[in-house]
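Visitor: The amino acid sequence is not available; the structure is as follows:
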């Protein structure tokens, strides 16, 4: 089984690696990272670079198509090569996985009309504009489409997928392998349940994302 | 404030990125990845490559020294340049962070004698052999030393550190930014509380780690 993860400038690393770490442990899985061109792709921080080994244009078919999010999504929504890749590869894939606001890229590729999805809580309106029914869930499974909420939801989403691919015992074994027994030191909850003051700070960070991406120093 | 993350062949990506994603969002943080040499470093899967931008030898001082784990640790325990880097940089750092069996590298650098730590559950005996008192906790803070259990514990550990660095409100804001409201689809628990059959599978994977690393195809 083949997992193809799409990268783009300004992706969020945990959107990728949370799901990767689970799915890489599914027996028989082969993995690849595709981007505009092979080579390092800079995450939103600019300091972290992940290697792509093939270009969007060279990705023609896969089993699991995985699209992460990040502040770079807003620019990626205009990337015709990226969107064409999703449009080309998704229909014949077994699963298409969107994480965080990466779900919007699935929308721009025409995959969300009439579909139930989740996404990062601040991307819900944009997802609805692509015709999706947006649920405030950690992950949502609708047919061959599996979507996760923000960033760290990639772990829960991929564990659910591991269970679908290989059963509960496999998923629990991977959970043990990555010791995923989370214990958030300041409590758990939902994004909707957080204090407005925190939401305001995160919203401000989101509003200034384009400036922060442009100001990054990328050392590779 | 400067965060320096050490990479080595066969590291586990979520050990790195779980903590990175939290700490990269601490205001004023600068980040860097050090390895034997600059360039891509292959994770345990072989398919994921993270860019290092400086060599161990060029890392002389930092604020936060961060050492991940992975199946590559067993070989890294013999890497004199890596251990010398930890020995040189840790004493003047504000915090030294060890995740998963990366804690063993701190032990090999002489940092664990008489210290309270946690580590991946299957690395506890090796950590004790370095003179540590090993607690079966998600993370353990002992002076300037902060250690996390396996892989995904890096998120909880780094959120705790964010709280120490900037207070609870900052940590909760970052938690919202990465939507860390975990909901493991097959339940939570502890590694010790899992079925022996699952532990046996993970132990077998661990025992064959060296062969799996040697057999990897690394495409970069």
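Guide: Okay, I see it. This one's a predicted model, so the numbers in the text were calculated from it and none came from an experiment.
Visitor: okay, the residue of chain A most remote from its centre: pLDDT?
Guide: In chain A, residue A:197 marks the outermost C-alpha relative to the chain mean, sitting 26.2 Å out by CA atoms, centre = their mean. We have a pLDDT of 96 for residue A:197.
Visitor: cool, and residue A:104?
Guide: So residue A:104 comes in at 98 (pLDDT).
Visitor: got a list of what it touches?
Guide: A:69, A:73, A:77, A:119, A:123, A:126-127, A:130 (CB atoms under 8 Å, 6 or more residues apart in numbering or on different chains). Quick note: C-beta positions are derived from backbone N, CA and C, even for glycine.
Visitor: Assumed the residue farthest from the centre of chain A was part of a helix.
Guide: Yes - Residue A:197 forms part of a helix when assessed by DSSP: H, G, I helix; E, B strand; the rest coil.
Visitor: thinking again about what came up before, for the contacts of residue A:104, which PyMOL command selects only the ones that are buried?
Guide: Restricted to buried positions by 16 or more other CB atoms under 10 Å in any protein chain shown, the PyMOL selection for those reads:
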select buried, chain A and resi 69+73+77+119+123+126+127+130
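Visitor: The contacts of residue A:104 in strands, which ones?
Guide: Among the contacts of residue A:104, no member falls in strands (DSSP state E).
Visitor: which one among the contacts of residue A:104 gets closest to residue A:210?
Guide: Residue A:210 lies nearest to residue A:73 out of these, by CB to CB, at 10.9 Å.
Visitor: Now render the contacts of residue A:104 as CSV, adding distance to residue B:96.
Guide: Listed next are the contacts of residue A:104 as CSV, based on distance: CB to CB, whole Å:
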residue, distance to residue B:96
A:69, 32
A:73, 35
A:77, 41
A:119, 37
A:123, 37
A:126, 41
A:127, 42
A:130, 46
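Visitor: quick one: which of the contacts of residue A:104 sit in helices?
Guide: A:73, A:126-127 (DSSP state H).
Visitor: Put together CSV for these, with distance to residue A:160 on each row.
Guide: Formatted as CSV, the ones in helices among the contacts of residue A:104 follow (distance: CB to CB, whole Å):
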residue, distance to residue A:160
A:73, 22
A:126, 24
A:127, 19
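Visitor: Please enumerate the strands of chain A.
Guide: A:2-6, A:30-35, A:39-42, A:49-52, A:54-55, A:64-67, A:95-99, A:116-117, A:133-134, A:139-142, A:145-148.
Visitor: now those in JSON lines, with distance to chain B, mean neighbour count and mean pLDDT?
Guide: Converted to JSON lines, the strands of chain A look like this (distance: least, CB to the nearest CB, whole Å; neighbours: other CB atoms under 10 Å in any protein chain shown; pLDDT from 0 to 100):
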{"stretch": "strand A:2-6", "distance to chain B": "9", "mean neighbour count": "23", "mean pLDDT": "98"}
{"stretch": "strand A:30-35", "distance to chain B": "4", "mean neighbour count": "22", "mean pLDDT": "98"}
{"stretch": "strand A:39-42", "distance to chain B": "5", "mean neighbour count": "22", "mean pLDDT": "98"}
{"stretch": "strand A:49-52", "distance to chain B": "3", "mean neighbour count": "24", "mean pLDDT": "98"}
{"stretch": "strand A:54-55", "distance to chain B": "9", "mean neighbour count": "15", "mean pLDDT": "98"}
{"stretch": "strand A:64-67", "distance to chain B": "12", "mean neighbour count": "28", "mean pLDDT": "98"}
{"stretch": "strand A:95-99", "distance to chain B": "10", "mean neighbour count": "27", "mean pLDDT": "98"}
{"stretch": "strand A:116-117", "distance to chain B": "15", "mean neighbour count": "22", "mean pLDDT": "98"}
{"stretch": "strand A:133-134", "distance to chain B": "14", "mean neighbour count": "18", "mean pLDDT": "98"}
{"stretch": "strand A:139-142", "distance to chain B": "8", "mean neighbour count": "20", "mean pLDDT": "98"}
{"stretch": "strand A:145-148", "distance to chain B": "9", "mean neighbour count": "27", "mean pLDDT": "98"}
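Visitor: Just send those strands back as JSON lines, with distance to residue A:166 too.
Guide: As requested, the strands of chain A are exported to JSON lines (distance: least, CB to CB, whole Å):
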{"stretch": "strand A:2-6", "distance to residue A:166": "13"}
{"stretch": "strand A:30-35", "distance to residue A:166": "15"}
{"stretch": "strand A:39-42", "distance to residue A:166": "29"}
{"stretch": "strand A:49-52", "distance to residue A:166": "26"}
{"stretch": "strand A:54-55", "distance to residue A:166": "26"}
{"stretch": "strand A:64-67", "distance to residue A:166": "13"}
{"stretch": "strand A:95-99", "distance to residue A:166": "13"}
{"stretch": "strand A:116-117", "distance to residue A:166": "24"}
{"stretch": "strand A:133-134", "distance to residue A:166": "29"}
{"stretch": "strand A:139-142", "distance to residue A:166": "16"}
{"stretch": "strand A:145-148", "distance to residue A:166": "15"}
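Visitor: closest to residue B:91 out of those strands?
Guide: It's strand A:49-52; of those, that one is closest to residue B:91 (CB to CB) at 29.4 Å.
Visitor: Show me how far the closest one is from its chain's centre.
Guide: 15 Å (CA atoms, centre = their mean, to the nearest Å).
Visitor: State the distance from the closest residue to residue A:11 other than its chain neighbours to residue B:87.
Guide: Closest residue in space to residue A:11, ignoring its immediate chain neighbours: residue A:70 at 4.1 Å, by CB to CB, 6 or more residues apart in numbering or on different chains. Residue A:70 is 36 Å from residue B:87, where distance means CB to CB, to the nearest Å.
Visitor: Tell me which of those two has more neighbours.
Guide: A count of neighbours by other CB atoms under 10 Å in any protein chain shown puts residue A:70 above the other of residue A:70 and residue B:87, at 28 against 14.
Visitor: Next up, the contacts around the more buried one.
Guide: Contacts of residue A:70 (CB under 8 Å, 6+ apart): A:8, A:10-12, A:15, A:43-44, A:100-102.
Visitor: so what's residue A:65 up against?
Guide: Contacts of residue A:65 (CB under 8 Å, 6+ apart): A:4, A:6, A:86, A:89-90, A:93, A:95-97.
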